[in-house]
Each structure stands twice: as structure tokens, then as C-alpha cells.
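Visitor: sequence and predicted model, in that order:
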Amino acid sequence: MSKKPLILGIETSCDETAASIITENEQGNPIILSNIVSSQTEVHKKFGGVVPELAARSHIEKIDSIVQKAIDESGKKIEEIDAVASTAGPGLVVCLSVGLSFGKAFSSLINKPFIAVNHLEGHALSPKLNSKLNYPYLVLLISGGHSQFLNVQALGKYKRLGTTIDDALGEAFDKTAKLLGIEFPGGPMIEILAKKGNPNKYNLPKPILNKGGCNLSFAGLKTAILKITKNIKTDQEKFDLAASFQKTIEEILYKKTRIAFTEFEKQNNLKNKIFVIAGGVASNKSIRSMLINLCKQENYESIFPPIQLCSDNAAMIAMVGLEKFKLKQFDKLDYPAKPRWPLDENAVFLKGAGVQL
Ligand code: KG4
Ligand code: ZN
């Protein structure tokens with residue numbers, strides 16, 4: 001039996017300090033041996049959003065112990081690690097630099113290859129951590145930092161079908177929550193309040209609904225909500241606004257997902273139609289059931305990876321590291337942190353979409 005690669009993954013692109021050890025079985029399916037995530041929610045709560053300098057400081061304080069914990073929990077020894085994979089972008093440069101420098105130093109210390117990983121590539125491949133999945137598949141990534149539709153055709157071959165032209169969806173949830181006086185990150189609380197409200201009470205805008213292909217835009221919603229909150233007096237009105245906001249988001253996602261399906265079908269010769277929904281907002285049950293129903297109507301298989309694998313983690317970074325390791329795609333130790341690093345370099349301007357990105 002040949003030795004299977006053992007990969008250490010490190011992630012510090014935003015407000016999660018994470019490390020993971022993964023390997024694979026005889027059939028080539030990945031096995032997560034450890035997956036440690038330390039979230040900084042408490043650090044940023046009082047500021048209503050992520051403060052880059054504080055996030056970087058917290059990564060510096062935690063990175064050693066998180067990596068140590070990932071190695072301990074894996075039951076493996078440092079000498080057994082075959083490569084180190086760190087997120088190099090996109091993200092906050094001061095945060096990226098911590099995990100990137102740590103990963104480079106670690107790989108140099110153990111004299112094993114270093115692999116720089118695109119965080120979005122991690123998200124795109126994350127469903128492969130726990131489901132047997134053949135390419136191509138369509139991914140909707142909806143998190144605090146990203147909102148995009150990706151046509152995942154193979155390792156290293158991604159077509160971005162659409163992206164947000166302003167706020168990420170999680171950010172829109174958090175900003176709405178803040179206007180309703182809810183602590184950061186308020187997305188999950190919006191879902192709870194929405195259950196008690198009337199989704200038809202407020203008529204909110206749906207920016208670029210009928211243009212821009214499957215690109216998304218949420219900033220206009222925040223402005224509309226700001227106006228309404230100025231006149232809100234009762235709790236019931238708050239619940240109604242949360243419900244109306246969530247319903248508006250569902251209507252936007254319904255329409256844009258249908259457009260993404262059409263684009264995806266045009267670009268691929270499909271035997272099976274697979275739609276993966278990842279990112280923190282994918283845990284919203286109402287959005288989930290709307291997308292599951294849409295998939296049933298359109299003959300798509302819907303896949304929601306467990307939330308610990310679709311919100312920020314290092315197992316997905318190790319997963320990309322594992323795939324690249326097998327192809328001997330290693331990086332030099334002077335690899336830079338890339339705050340902007342689109343997965344699909346050609347997607348800067350979407351032809352025909354009429355939206356400058
Ligand atoms: O992927 P994620 O865990 O982390 C990063 O983006 O780094 O996503 C977090 C985002 C936050 O904006 C949070 O408010 C949102 O996902 N979120 C939700 C729900 N749970 C998390 N938004 C709406 N409904 C939820 N149930
Ligand atoms: Zn992410």
C-alpha cells in the first residue's frame with residue numbers, strides 16, 4: 001500500500017484562524033483527520049464588522065496553537081506531513097500575510113513543498129470533501145465576503161458566471177441586522193425574526209433583477225431599509241421588515257439562479273445537473289428550501305455541504321493542496337499575498353451583462 005499524501009492546510013484570509021490535516025483513502029477520496037477553526041466573532045462584535053488590524057493581531061496570537069491542535073488531533077507526526085498549503089488570497093492582506101508566512105516558514109522547516117491556495121478555489125472544491133462529485137458542477141457561494149456563481153469544470157478550470165457588483169449577501173444580512181439594532185453578525189437573527197413577520201409588508205427594491213445576467217447587487221436594499229427603519233416603532237414592524245428583506249433576497253436568488261442554470265447548461269455538455277450551495281448564508285433554512293424546490297423543478301441535484309465545511313475552514317484549503325500536490329503544482333516561498341485574486345481571470349467584465357465589475 002503506497003503512502004497517501006498528508007497535507008496541512010492553513011486559512012487566515014478574514015476572521016477565522018483555521019488549520020486542518022487531510023489525507024485520502026485507497027479509492028482517492030479525501031479524509032479529514034482534523035479541522036480546527038477559531039472564529040473571531042467576539043473580537044469584532046462591538047465594532048459591527050471585521051476590523052482588519054484586530055483580525056491580523058488575533059491570527060498572530062492564535063496561529064501556532066491552532067496548527068499544533070490540528071496536528072495533535074490528526075494523530076500524525078510533523079515529519080509525516082508531505083506539503084503545506086496556505087490561503088494566499090483573496091482577502092485582507094494583513095490577515096492573509098499571517099497564514100501565508102506561517103505556512104512558508106513551516107514548509108521550509110520540515111523541508112516539504114509549499115502550495116499557495118486561492119480561498120475561492122477552496123470553497124469551489126469543498127463539496128468534494130464529503131461527497132463523491134464529478135465535474136462539472138455549479139456552485140453558488142453566499143458568505144460574508146463573497147457572492148458568486150461558479151461553473152466548476154475541473155481543478156484550476158473555473159468560469160465565474162456572476163458575482164456581486166457591490167455587497168456580499170452575508171454583508172447585506174449583517175447590515176440589515178445592524179439597522180434593526182442586532183449585534184454582528186446578525187444574519188442568523190434576521191432568519192429568526194423573519195419567522196414572526198409579514199413578508200409582504202414592505203416592498204423592497206431588487207437591484208439589477210432584470211439586467212446583468214446572473215450578477216447580483218444588494219447595496220440598494222440597505223438604503224431602502226435605512227429609510228424604513230427611521231419610522232419603525234414596534235417590534236412587529238421589525239419582524240415584518242426582517243421577513244420582507246428575506247423574501248426579497250429569495251426572489252432575487254430564485255431569478256438569478258435560474259439564469260445561472262441556463263448559462264451553466266450552455267457552457268457544459270451535461271449528463272447530471274449538480275448545484276452546490278456553500279457559504280454561511282446557505283444555512284438559512286428559508287433560502288435553502290426555496291433553492292431545493294427550484295432544483296426539483298429544474299432537475300438539478302442540490303448539495304449543501306455541512307456548514308463547518310462551507311463556511312471558512314482550512315480543510316477546503318488542504319483539499320486544494322492535496323489535488324495540487326498530486327499534480328506536483330508547488331509554489332515558491334516568495335509567493336505574494338493577493339488581496340484581489342479572481343478565480344476566473346477572464347471574468348473582469350462579463351460580456352453582454354452590461355455591468356462593469
Ligand atoms: O461563510 P461564513 O461563515 O464566513 C465568512 O464569510 O467569512 O459566512 C458568514 C455570513 C455572515 O454574514 C452571517 O451573517 C451569514 O453568513 N449567515 C446567515 C445565516 N447564518 C450565517 N445569513 C442569513 N441567514 C442565516 N441563517
Ligand atoms: Zn470564504
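Guide: Arrived safely. Ligands and ions are numbered 1, 2, ... in the order given.
Visitor: next one: phi and psi at residue 34?
Guide: Dihedral pair for residue 34: phi -160, psi 150, per degrees, to the nearest 10.
Visitor: quick check: it touching residue 74?
Guide: Yes: look at residue 34 against residue 74 with CB atoms under 8 Å: they come within range, at 4.3 Å. C-beta coordinates here come from the backbone N, C-alpha and C atoms, glycine included.
Visitor: which residues are common contacts for those two?
Guide: Common neighbours of residue 34 and residue 74, using CB atoms under 8 Å, 6 or more residues apart in numbering, are residue 21.
Visitor: any low-confidence regions in this protein?
Guide: 1, 348-357 (pLDDT under 70).
Visitor: in the sheet, which residues pair with the spatially closest residue to residue 69 that is not a sequence neighbour? Tell me.
Guide: The spatially closest residue to residue 69, leaving aside those adjacent along the chain, is residue 36, at 4.9 Å (CB to CB, 6 or more residues apart in numbering). For residue 36, the beta-bridge partners under DSSP bridges are residue 19.
Visitor: against residue 329, how distant is the residue nearest to residue 331 when sequence neighbours are not counted?
Guide: Closest residue to residue 331 apart from its sequence neighbours, by CB to CB, 6+ apart: residue 116 at 4.4 Å. Using CB to CB, to the nearest Å, residue 116 is found at 10 Å from residue 329.
Visitor: of the two, who's got more company?
Guide: residue 116 (25 against 15; other CB atoms under 10 Å).
Visitor: that one: what secondary structure?
Guide: Using DSSP: H, G, I helix; E, B strand; the rest coil, the structure places residue 116 in strand.
Visitor: which strand residues bridge it?
Guide: Under DSSP bridges, the beta-bridge partners of residue 116 are residue 86.
Visitor: quick one, what contacts it?
Guide: 85, 86, 88, 100, 331, 335.
Visitor: hang on, the last one in a helix?
Guide: The reference is to residue 335. No: if the criterion is three-state DSSP, then residue 335 is coil and not within a helix.
Visitor: ok, for it, nearest residue in space, not its chain neighbours?
Guide: Nearest one to residue 335, counting by CB to CB, 6+ apart, is residue 116 at 4.3 Å.
Visitor: what about the residue nearest to the spatial centre of the chain, distance to residue 168?
Guide: The residue lying closest to the centre of the chain (CA atoms, centre = their mean) is residue 279, at 4.2 Å. Distance, residue 279 to residue 168, by CB to CB: 9 Å.
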